[in-house]
Every structure is written in structure tokens, then in C-alpha cells.
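*Asks:* What would the 3D arrangement of this be:
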Amino acid sequence: MLEILRIRNIAIIDSAEVRFKRGLNILSGETGAGKSIVIEAISLLLGSRATSELIRSGCDEAVIEGLFDISEIPWMALRLQQFGFEGQTQDLLIKRSVHRAGRHRISVNGELATLSTLQALCEGLIDLCGQNEHQSLVKPLLQLELLDRFGGLLDQSKNLASLLVRFRTLMKERDQLRREDHESAKRTDFLKFQIEEIRAAELVLGEEEDLQQQKQILQSAAHRAQMSESICEVLEADEGGALNILRTALQKLRTLHSLDSQVHSISESMERALIETEDTGVALRRYIQSVDLDSERLHGVQERLSVLADLKRKYGSHVSDILETLAQLEVELGSIGQANKRLDLLCHDLETLEGVLNEHGKKISSARRNVSEILGVSVTEELKDLKMGEAKFLVEISHRDPVSEWNMSGPDCVQFVVQTNRGEPARALGKIASGGELSRLMLAIRRVIADRGGIGVYLFDEIDAGIGGQAAFQVGKKLKSVAAYNQVICITHLPQVASFAEHHLIVRKRISGSRTLTEVVELTSEEQKVELARMLGGAELTSKSLANAAELLELARAV
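*Replies:* Predicted structure coming up:
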């Protein structure tokens, strides 16, 4: 429940601390006193958008704080932990600071939070029921949620929603894979062609360098043979050949040696030179015989280099790059194969999950139809007490197929309809012209589901607009019955409603210097009677209005 609400520098409220209690809390006050500001402050705690226009004139910052006792709302303690707010789980302290310069801050239990986190955290903490909320009551999704809450089907609905999220995620992935499948078939053929082209080449690292050397050697074979032959001619020519010249020189050295032994070493050097030159000639002849003039071999080397050049143009500047490209192509081809397998698995999983959803859908639809009859009867009975004895409330349910067309609550579409007068057709809530009738319908529905749990606080903002007299007294009675299971905060202008207050607070203005201030004060029993008299008879209190107020209080307490 909401225990304390602190407001500072919002509109005409300078500073106010409002303490709420269990049961039915009534806020009253003259028009323009600032009751709507209290609602605005609570809305800010729940995550409504804040603007600098809220800030009191002459101030730079507005602050709103709310302290909630969540000891009896276990799901909120769990949600706090899920959002990472550890520590205290019995209390929830929310603080919002709104700066005129635009620097807004939010804290939850002393830790900074974002607006989206605050909105998600506080969902379901306070059920705001006001004239503006009539529009939300006519929305089919909210009506379905109310039906599920009444029937205790919220867990089933949430489980179904989780399955539907999974189903839609798989459908999205399947559709994406199907779109890709058409293109991947073409891509698969091209990848296979590329892989086969590279594999067929049987590439070997270092092969290109070796082939280039072979090509160079084979291309120069004729020239090398010619050069070697010309060298041999220089060495072996009959006239002027190096060997003949060396032989002649050696013969003369031998004659000289016979005349002078000092040239012995010179003669030996010449003899060695002749032998080495003869060996050189023999080696050249062997080299000439070894020179490969195989044109077919040269052609083969050139063709192989051409194959490598073509692959390099397509797949990489070196053989190592081509081999790396081959590995990448093989990985991509494998991934396409895995995608096809994934598509098959997805289709199978979707088929299985669709069967599970259909089974769950049948069960919850059947339960909803049973619950809808009970809800219809229960709300109709409540309307009798609210002076709508001829009204008949019904819940219409339609079913959708297939699963792909379900909303997140399953296969059912719910619409609340009401027959306000006998003999007239039942109409949807949104087509009811009377605001008073809609207010009473709204209260009747809330009353019926109030004891089903799940809501921390019910906040009623002038939902009694358009009604009065005995009907207003019945509204107060219903509000008090809702307060038996929940904390209820109600803003009202009707004394019949206010007479049921277990805790009556008044919102009033006062003048302080040159400024108008608003304060919120809890009334004593005697002060409550005076306030009811004011609500009954206007600004001037009379003994008659005080007597009427006392009678109202007595009647309310007797219920």
C-alpha cells in the first residue's frame, strides 16, 4: 500500500506530506484546491512523463516521493530483484526530481533508475480508476486481462504469452531463412563451382616459384647450348684454339726446362692449366648434352603457370591466398547446409509448438467461457445495488484461428457489453452515452474483481461524476467493500461517498504572504462531519447541514 506521499514545488503545492492508511482513504476539497495535483504526483511515481510546466512558479526543481509497503505484494519484491534493486524488500521508495533545466532524476530504493525501468517496475502497483480511464476500460485487451484476473487465469495467460513469444520468434526466423533459401540455392551452385575449380588445380605451396625457375631454364636452353658450343670452339679450334695454344706453349716450356731447371715450376703450372682446360672442355660437352631442349615440357610449364595466373586473378594474389579463399568458401558452403538443416528443424519445432499452443488455447478458452458467465452474473448483481436494476452485463468471446493470428493473450477476443434497459439491444461499453452509467459499470467491475488480489492500491479519481443521491451512497458502499481487500484512495465531491471514509483527508488552499499554498490535512471525526456538511450545503454551515452530515455518517457506519 502507499504509506507516504511527499510533494514539493508542484503547481500550487509548496510542500505537502500525505499519509495514507489501510482501508478507504477519501480526499475531498473545493474545486481548484489541488486534488488533481495529488493524482498527478502519484502518476509521476508510476512513470508518467514529466515536464518543467509542473514546477511551481519561482522554483527550479520539483520533487515527488512515495513510500510503499510491499510486504503483502510478493511479486513486487521479486520484480525489484529482477531489475537489480537488491536489499530492502518490505518497502519501496520512489523519488522523482524534475528540474526546470531538464535534468530529471529517478531513484528506486536509493538507486538511480530510468523512466522505462520505473514504468515496468510499477506496472500493476496502483490501479488508477478515473474518468480518463473510462477509455482504457473499453479496450478489448484490458477487458480480457480483467476477465483472466477474475477467473484466476493470469498465470495461464502469461504462460500462453511466453509460448506465443517463442512461436513468433521462430516464425520470424523461419520466414527469414525461407527468403534467404531462394538466393542460397544459386549461391550454393556458385560456391560448389568455385571450390571444385580450386580443388581441381591441386595447388601446392611453393609450386609457382619452382615453375617460374623451370620456365626460365627451359626457355634459355637453346641459347645456353649455343653459348656452350661456341666456348668449346674457342677451346678446341684447330687453329688458334686455346688447347692448341696451351699445348704449344707447354712444349716450349719443356724445352726451356731442359736448358734451365729454374722454369720447372712454371712448366708444371702450364701443365696443370692445360689439364684443367681439357677438363673444362669435357665438362662443357657433358653440359651441352644435358641441356633440355624439350618444347613439350616448356609448354606444360607455361600452361600450369597460366592456370595459376587465372586462379590468382579470381581468388588471391598468391597460392597461399587462394588456399585460404578455398577454406572460406568451404565454410560458407557448410553454413548454407547448416541453414537448410536449421530451416527443417524450425519447421518441425513450429509444428510441434503450434500443437502445444492449440492445446493450451482450447483449455484457456474453455475456462474463459465458464468464467465469463460468472463475471456477467456477478457484475449484473452489483449494478442492481448501484440503481441499474434493469441492466444486464455480458461478456462476449470470439475465437480466432490459426495460431499466427492470435494476440498475446491467445485465441480469444473479449468484449464487455451491457443491456442498460429491458428490451434494448446489448451494446459495447464504448457505446454507452451516459458517463454516470459508465462510472457505475466501472465500479461494479472493479468491485467484483477487487478480492482477486494482485493490485497494491486502487485509486479512484472522481468516478462518481454524473451520479448522486442513493446511487452515490451505493458507490460509497461499494468502495468500502473494495477497501476490505485493498487500500483504496478516492477523490470525490459527493458527501454520500465521503461518508464511508475510514480516513478522510481534505485538500485546501491558504494564503501565505503573497503566495497561495495547498495543504493536505487528515480530518478528525468532528472535522469530517464539518467537511461533509460543507459538501452538502455549501460554504455556510448550518445546523441542518451538520445534522444531515451526522446522519450520513451514521448510515455509512451502520452498513
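*Asks:* And the pLDDT at residue 308?
*Replies:* Per-residue pLDDT puts residue 308 at 86.
*Asks:* Also residue 178?
*Replies:* pLDDT for residue 178: 79.
*Asks:* count of residues packed around the closest residue to residue 264 other than its chain neighbours?
*Replies:* Nearest non-adjacent residue to residue 264, counting by Cβ to Cβ, 6 or more residues apart in numbering: residue 257, 5.7 Å away. All C-beta atoms are positioned from the backbone trio N, CA, C, and that covers glycine. Counted by other Cβ atoms under 10 Å, the residues lying close to residue 257 total 16.
*Asks:* Which helix or strand contains residue 257?
*Replies:* Assigned by DSSP states H and E, residue 257 belongs to helix 242-259.
*Asks:* now residue 442
*Replies:* If you go by DSSP H and E, residue 442 is part of helix 435-449.
*Asks:* which of the residues in that helix are buried?
*Replies:* 436-449 (16 or more other Cβ atoms under 10 Å).
*Asks:* next one: stretch 196-206
*Replies:* Quick answer for stretch 196-206 (16+ other Cβ under 10 Å): 197, 198, 201, 203.
*Asks:* Just the terminal-to-terminal distance for it.
*Replies:* Terminal residues of stretch 196-206 are spaced 21 Å apart (Cα to Cα, to the nearest Å).
*Asks:* Name the residues that touch that stretch?
*Replies:* Residues outside stretch 196-206 that contact it (Cβ atoms under 8 Å, 6 or more residues apart in numbering): 307, 308, 311, 314, 315, 319, 320, 322, 323, 325, 326, 329.
*Asks:* rewinding a little: okay, now the sheet partners of the helix or strand just after the helix holding residue 442, with direction.
*Replies:* From helix 435-449 onward toward the C-terminus, using DSSP H and E, the following helix or strand is strand 457-461. Partners of strand 457-461 in the sheet, by DSSP bridges, are strand 126-130 (parallel), strand 487-491 (parallel).
*Asks:* okay, these, which one's buried deepest?
*Replies:* Mean neighbours per residue, mean count of other Cβ atoms under 10 Å, is largest over the strands paired with strand 457-461 for strand 487-491, with a mean of 26.
*Asks:* Okay, helices next: where are they in the stretch 51-200 of the chain?
*Replies:* With helices called from DSSP state H, counting those that start in this stretch, the stretch 51-200 of the chain shows them at 74-82, 115-122, 134-137, 140-151, 154-201.
*Asks:* Next: the stretch 201-350 of the chain.
*Replies:* Taking DSSP H, counting those that start in this stretch, the helices of the stretch 201-350 of the chain run over residues 207-219, 221-236, 242-259, 264-290, 295-315, 319-385.
*Asks:* Could you say which one of those helices comes nearest to residue 166?
*Replies:* Closest of the helices of the stretch 201-350 of the chain to residue 166 is helix 319-385, at 6.6 Å (criterion: Cβ to Cβ).
*Asks:* distance of the spatially most distant residue from the centre of the chain from residue 266?
*Replies:* Most distant from the centre of the chain: residue 259, at 114.5 Å, with distances by Cα atoms, centre = their mean. In this view, residue 259 and residue 266 are 13 Å apart by Cβ to Cβ, to the nearest Å.
*Asks:* can you check residue 550 too?
*Replies:* Distance of residue 550 to residue 266, given as Cβ to Cβ: 157 Å.
*Asks:* Give me the contact list for stretch 438-451.
*Replies:* With contact meaning Cβ under 8 Å, 6+ apart, stretch 438-451 is reached by 127, 129, 131, 133-134, 137, 146, 149-150, 375, 378-379, 382-383, 386-388, 391, 393, 416, 418, 429, 432, 458, 460, 463-467, 471, 475, 478-479, 481-482, 484-486.
*Asks:* Now do the end-to-end distance for stretch 69-83.
*Replies:* With Cα to Cα as the measure, stretch 69-83 spans 18 Å from end to end.
*Asks:* Give the buried residues for that stretch.
*Replies:* For stretch 69-83, burial by neighbour count (16+ other Cβ under 10 Å) applies to 69, 70, 73, 76, 77, 79, 80.
*Asks:* possible to save those as a markdown table with distance to residue 556 and pLDDT?
*Replies:* Formatted as a markdown table, the buried residues of stretch 69-83 follow (distance: Cβ to Cβ, whole Å; pLDDT from 0 to 100):
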| residue | distance to residue 556 | pLDDT |
| --- | --- | --- |
| 69 | 26 | 90 |
| 70 | 30 | 88 |
| 73 | 29 | 82 |
| 76 | 32 | 85 |
| 77 | 35 | 83 |
| 79 | 37 | 85 |
| 80 | 38 | 88 |
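*Asks:* what's around residue 510, how many residues?
*Replies:* Residue 510: 10 surrounding residues under other Cβ under 10 Å.
*Asks:* List the residues that contact it.
*Replies:* By Cβ under 8 Å, 6+ apart, the contact list for residue 510 reads 516, 517, 519.
*Asks:* cool, residue 13 as well?
*Replies:* Counting by Cβ under 8 Å, 6+ apart, the residues that residue 13 touches are 7, 34, 37, 56, 517, 518.
*Asks:* try residue 479
*Replies:* Taking Cβ under 8 Å, 6+ apart as the contact definition, residue 479 lies against 24, 443, 460, 488, 490, 497, 500.
*Asks:* Out of the residues you listed, which is nearest to residue 111?
*Replies:* Proximity of those to residue 111 (Cβ to Cβ) peaks at residue 488, which lies at 30.0 Å.
*Asks:* correct me, but that closest one touches residue 24?
*Replies:* Yes. Counting by Cβ atoms under 8 Å, residue 488 touches residue 24, with 4.9 Å between them.
*Asks:* who touches both of those two?
*Replies:* Residues touching both residue 488 and residue 24 (Cβ under 8 Å, 6+ apart): 479, 480, 482.
*Asks:* returning to that earlier point: please name whichever of the helices of the stretch 201-350 of the chain is nearest to residue 172.
*Replies:* Minimum separation from residue 172 across these (Cβ to Cβ) falls at helix 319-385, 10.1 Å.
*Asks:* ok and the closest one relative to helix 435-449, angle-wise?
*Replies:* Computed by axes from the mean of the first three to the mean of the last three Cα atoms, to 10 degrees, the angle separating helix 319-385 from helix 435-449 equals 110 degrees.
*Asks:* Beyond helix 319-385, next helix or strand please.
*Replies:* Using DSSP H and E, the next helix or strand after helix 319-385 towards the C-terminus is strand 392-399.
*Asks:* Could you save the buried residues of stretch 69-83 as a markdown table and add columns showing distance to residue 236?
*Replies:* What follows is the buried residues of stretch 69-83, written out as a markdown table (distance: Cβ to Cβ, whole Å):
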| residue | distance to residue 236 |
| --- | --- |
| 69 | 121 |
| 70 | 116 |
| 73 | 116 |
| 76 | 112 |
| 77 | 111 |
| 79 | 107 |
| 80 | 108 |
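*Asks:* for those residues, which one is nearest residue 341?
*Replies:* Closest to residue 341, out of all of these and judged by Cβ to Cβ, is residue 79, at 39.6 Å.
*Asks:* need the contact list for the closest one.
*Replies:* Applying Cβ under 8 Å, 6+ apart to residue 79 gives the contacts residue 121.
*Asks:* and the strands paired with strand 457-461 as a markdown table, adding distance to residue 554?
*Replies:* As requested, those are arranged in a markdown table below (distance: least, Cβ to Cβ, whole Å):
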| stretch | distance to residue 554 |
| --- | --- |
| strand 126-130 | 28 |
| strand 487-491 | 20 |
